[in-house]
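S.K.: this is a predicted model, with the sequence first.
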Amino acid sequence: MLTGLVNLLNRPFPLIEEKKEKFILSLTIGAFVFAFLIVFQPFGLRELGEFKTLYFLGYGAVTFLVEILFTFVLMKFFHGFYDAEQWTLGKHLLNAFLLIVSLAFFNWLFTIWVVYSKHIPFTPFLADTLAVGFFPLIFIFLFLERRLRLKNIGLSKELNNTFLKHTNISDGKSAESEIPLLKIEGINIKPENFLCVKSMGNYVTLCYLENNKVRKETIRTTMKQIENSVKENADIVRCHKSYFVNLKKVTNSSGNARSLYLEIEGLNFQVPVSRKIAKELFAKVA
């Protein structure tokens, strides 16, 4: 049983990284707390006076600010922990637990300083917040993990069938022999030898074939410059904010709740496909 629980917690899980999505999530959670309090008025809040709607709005604002603290500040300073490629269901649950405890603490401060202006015990406040917030989230996250995992596994099966059936994914605008060499920071590569590019801040790792052997070069450049270098090659696409890949070198794909992954000829790592690009990628090779 313990092994099964550990395996469950180690399952990959998606981490929201886009600033717009994080802001919308924070705003949504704050609005949800406000709406929840308006409708149910738990924890004795029904006894508040004529300003209780403003108090409820205050709870929503506190929730929004704490969520912003977690999704922007903590993710920036603790990027080792908030690593999207290593994010798991267990980390997501731990993060949610710490978030709920923080929400309980700051909303408790708001309660004793603003709402009631008197001391109330924190422990019952925390217990009520966990009961309302954290424990339902456990079941929601388990449901999401299973749903996303099955979705990406299904998509990977469709992609595998497509790759097996199509040996040429190019749009047919020009033959390989007519395509000029890729020139990337002084490195000349035949387009058919290009494997992938992985971004690492202001540097990228360029993977390509030379004399039928895989070479990896780390160079100082940006993904925008890489995009300009490969834009004439229909088979080389940006499948993730940190990756470009040559679709003709894809040998297999797999999926989990975190992402869809591509396996590339000769490489010992998988290339993730972002959620936004997955559908576009499928449409390209279908």
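M.R.: Everything's here; your move.
S.K.: what about the closest residue to R238 other than its chain neighbours, which SS state?
M.R.: In space, and not counting its chain neighbours, R238 is closest to F244: 5.2 Å by Cβ to Cβ, 6 or more residues apart in numbering. No exception for glycine: its C-beta is placed from N, CA and C like everyone else's. Under DSSP: H, G, I helix; E, B strand; the rest coil, the three-state class of F244 is strand.
S.K.: quick check: which element contains K157?
M.R.: If you go by DSSP states H and E, K157 is part of helix 135-165.
S.K.: please apply the same query to V214.
M.R.: Using DSSP H and E, V214 falls within strand 213-220.
S.K.: now do Y261
M.R.: Under the criterion of DSSP H and E, Y261 resides in strand 260-264.
S.K.: next: S199.
M.R.: Using DSSP H and E, S199 maps to strand 194-200.
S.K.: what's next to that strand, contact-wise?
M.R.: Contacts to strand 194-200, defined as Cβ atoms under 8 Å, 6 or more residues apart in numbering, come from residues 182, 204-209, 214, 218, 222-223, 226, 230, 233, 236, 241-246, 249, 264-267, 271.
S.K.: stretch 207-224 too?
M.R.: Applying Cβ under 8 Å, 6+ apart, the set of residues contacting stretch 207-224 is 184-185, 187, 189, 193-200, 202-206, 238, 241-242, 244, 264, 266-267.
S.K.: go again with 7 Å.
M.R.: 185, 187, 189, 193-196, 199, 202-206, 266-267 (Cβ atoms under 7 Å, 6 or more residues apart in numbering).
S.K.: show me the two of these that sit farthest apart.
M.R.: Farthest pair in the contacts of stretch 207-224 (Cβ to Cβ) is N202 and G266. Separation: 26.2 Å.
S.K.: neighbour count winner among these two?
M.R.: Neighbour tally, N202 and G266, criterion other Cβ atoms under 10 Å: the higher count belongs to G266, 14 against 8.
S.K.: now do the helix or strand harbouring V271: distance to the chain's middle.
M.R.: Per DSSP H and E, V271 falls inside strand 270-273. Computed by Cα atoms, centre = their mean, to the nearest Å, the chain-centroid distance of strand 270-273 equals 13 Å.
S.K.: strand partners of it, parallel vs antiparallel please.
M.R.: Applying DSSP bridges, strand 270-273 is found paired with strand 260-264 (antiparallel).
S.K.: for stretch 215-235, C-alpha coordinates in CSV please.
M.R.: Taking Å, rounded to 0.1, in the frame of the first residue of the first chain, the C-alpha atoms of stretch 215-235 are listed here in CSV:
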residue,chain,number,x,y,z
ARG,A,215,26.4,16.0,-31.3
LYS,A,216,25.4,18.5,-28.6
GLU,A,217,26.6,22.1,-28.7
THR,A,218,25.7,24.7,-26.0
ILE,A,219,25.7,28.1,-27.5
ARG,A,220,24.7,31.6,-26.4
THR,A,221,21.6,32.6,-28.4
THR,A,222,17.9,33.0,-27.9
MET,A,223,14.9,31.0,-29.0
LYS,A,224,13.8,33.9,-31.2
GLN,A,225,17.1,33.7,-33.1
ILE,A,226,16.7,30.0,-33.4
GLU,A,227,13.2,30.6,-34.8
ASN,A,228,14.5,33.0,-37.4
SER,A,229,17.1,30.4,-38.4
VAL,A,230,14.7,27.5,-38.9
LYS,A,231,11.6,29.4,-40.1
GLU,A,232,12.0,28.2,-43.7
ASN,A,233,11.9,24.5,-42.7
ALA,A,234,8.4,23.2,-42.2
ASP,A,235,9.5,20.1,-40.4
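S.K.: distance of F143 from L137?
M.R.: For F143, the distance to L137 equals 10 Å [Cβ to Cβ, to the nearest Å].
S.K.: out of those two, which sits in the busier spot?
M.R.: When F143 and L137 are compared on other Cβ under 10 Å, the one with more neighbours turns out to be L137, at 17 against 10.
S.K.: hey, where'd the strands end up in the stretch 51-200 of the chain?
M.R.: In the stretch 51-200 of the chain, strands defined by DSSP state E, counting those that start in this stretch lie at 182-184, 187-189, 194-200, listed in chain order.
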